[in-house]
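Trainee: coordinates only, sequence not included:
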C-alpha cells in the first residue's frame, strides 16, 4: 500500500487519539542528531519545510549556531530562519496531523493566517509563506 493509504489504515484501526499518542511516544525526546540533520541545518537557507514530527532539525540548527523558529508554534517576526512543520510537532500532540489528513488548502489557509498576524509587509510575507507551501504540494 502507498504510505498515505497505510496512514489511513492505521488511523482507522487505532483511532486518532491512540495514533497521536504513539507518534508522541516514538518521536519525543530524541537527542541523537544525525550527520544529515547537521548538514541540512547548516545550509544557507532561511526557510525550510518538513513533514517530520521530531525536533532533530531544530536541535541541529541550534547546535550549529543557526536556530530556527518553528511554524506554526513560534513567531517569525524577529527570526532569521524558520521551519514549517507540515504534520505538526511531537511536542504538540493535539495538533499532530496524520499524513492521510494533509489538506493542502488548510495548510495554505494556515500560512495566510500566520502572514496576516506576523507581517508588516503583507505582500512580501505572503510570498515568503506561499513558496514552501507550493513546494510541499509537489
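Mentor: Noted; the coordinates are in hand. Given the structure is predicted, the values throughout are model-derived calculations rather than measurements.

Trainee: which residues sit against stretch 44-63?
Mentor: For stretch 44-63, the external contacting residues (C-beta atoms under 8 Å, 6 or more residues apart in numbering) are 23, 26-28, 30-34, 37-38, 40-42, 67-68, 70, 80-91, 96, 99, 128, 131-133, 135-136. Placement of C-beta: from N, CA and C, glycine included.

Trainee: Mark which of those are buried, thanks.
Mentor: With burial judged by 16 or more other C-beta atoms under 10 Å, the buried subset of the contacts of stretch 44-63 is 23, 27, 33, 37-38, 40-41, 67-68, 70, 81-91, 96, 99, 128, 132-133, 136.

Trainee: Just these: which are in strands?
Mentor: Among the buried ones among the contacts of stretch 44-63, the residues falling in strands (DSSP state E) are 70, 82, 83, 84, 85.

Trainee: residues contacting the second one?
Mentor: The contact partners of residue 82, by C-beta under 8 Å, 6+ apart, come to 46, 47, 48, 68, 69, 70, 71, 74, 76.

Trainee: count of residues packed around residue 13?
Mentor: A count of nearby residues for residue 13, using other C-beta atoms under 10 Å, gives 9.

Trainee: ok, it to residue 94 distance?
Mentor: 21 Å (C-beta to C-beta, to the nearest Å).

Trainee: Show me what the host helix or strand of residue 20 is packed against.
Mentor: Element membership for residue 20, per DSSP states H and E: helix 16-27. Where contact means 3 or more C-beta pairs under 8 Å, 6 or more residues apart in numbering; DSSP states H and E, helix 16-27 is packed against helix 3-14.

Trainee: circling back: which entries within the contacts of residue 82 meet the buried criterion?
Mentor: By 16+ other C-beta under 10 Å, those give 47, 48, 68, 69, 70, 71, 76 as buried.
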